[in-house]
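Colleague: Fold the following for me, if possible:
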Amino acid sequence: MKPADVEDVIESNLEDAEATVTHARDKHDDDHLAATVVSPVFEGMALVQQHQQVYDALGDHMTTDIHALELSTYTPEEYEEHEG
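Modeller: Numbering: from 1, shown residues only. Have a look, this model is predicted:
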């Protein structure tokens, strides 16, 4: 699955999400992806719950099309602080 396709699936299935997906650094194949997902839905959720929201948005793609996914999740405010 191409990174842009993964972005589309996440953004289509997770409310107000902005996803950036790339091939993971330091990996020698195209099966390892890295995703940064920003959504207000994550407000007040533990990190595990945030990641579960993304996995739920990806649905069956996590078991059929995506081999490995490095995941970073942020609320919009957290992302501004992180990038600021």
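
Colleague: Now the helix or strand residue 54 falls within: average pLDDT?
Modeller: Following DSSP states H and E, one finds residue 54 within helix 47-58. Average pLDDT, helix 47-58: 97.

Colleague: which residues are contacting it?
Modeller: Helix 47-58 has contacts (C-beta atoms under 8 Å, 6 or more residues apart in numbering) with 6, 9-10, 12-14, 17, 35, 37, 39, 41-42, 45, 62, 66, 69, 71, 73. C-beta: built from backbone N, CA, C; applies to glycine.

Colleague: redo that, cut-off 6 Å
Modeller: Under the contact criterion C-beta atoms under 6 Å, 6 or more residues apart in numbering, helix 47-58 has outside partners 9-10, 13-14, 37, 42, 62, 71, 73.

Colleague: Kindly report the same for stretch 37-46.
Modeller: So stretch 37-46 is in contact with 10, 14-19, 50, 54, 73-76, 79, going by C-beta under 6 Å, 6+ apart.
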